[in-house]
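In: I would like the atomic coordinates for the input below:
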Amino acid sequence: MAVPKGKVSKARKNSRRSANWKLSMPGIVKCPKCGKMKLAHRVCKACGYYDGEQVLAVEEAETKN
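Out: Numbering: from 1, shown residues only. Sure thing, here's the model as predicted:
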């Protein structure tokens, strides 16, 4: 069985783990219904559609004139 030869210091341990801190960018796609950008595999906040079906009832926002 493998046994460490010596103690690994906190600094050495943390510097080894520091290479994995970057987060990957979320998958952003264009909504096929309204064309706005949305997260993949989630309901569109603008139109309320997911997979070709309306899931949420979204009210039309009134524009200020």
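In: point to the residue nearest the middle of the protein.
Out: Pro26 (3.7 Å; Cα atoms, centre = their mean).
In: what does the pLDDT read for that one?
Out: At Pro26, the model reports a pLDDT of 83.
In: how about the secondary structure of it?
Out: coil (DSSP: H, G, I helix; E, B strand; the rest coil).
In: residues contacting the spatially closest residue to it that is not a sequence neighbour?
Out: Excluding the flanking residues, the one nearest Pro26 by Cβ to Cβ, 6 or more residues apart in numbering is Leu39, at 5.8 Å. C-beta coordinates here come from the backbone N, C-alpha and C atoms, glycine included. Contacts for Leu39 (Cβ atoms under 8 Å, 6 or more residues apart in numbering) come out as 26-29.
In: dump the residues you listed to a markdown table, plus distance to Asp51.
Out: Listed next are the contacts of Leu39 as a markdown table, based on distance: Cβ to Cβ, whole Å:
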| residue | distance to Asp51 |
| --- | --- |
| Pro26 | 19 |
| Gly27 | 15 |
| Ile28 | 17 |
| Val29 | 13 |
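In: among the residues you listed, which one has the most neighbours?
Out: Among the contacts of Leu39, Val29 has the most neighbours (other Cβ atoms under 10 Å), with 12 neighbours.
In: if anything else comes up later, I'll come back, but that's it for now.
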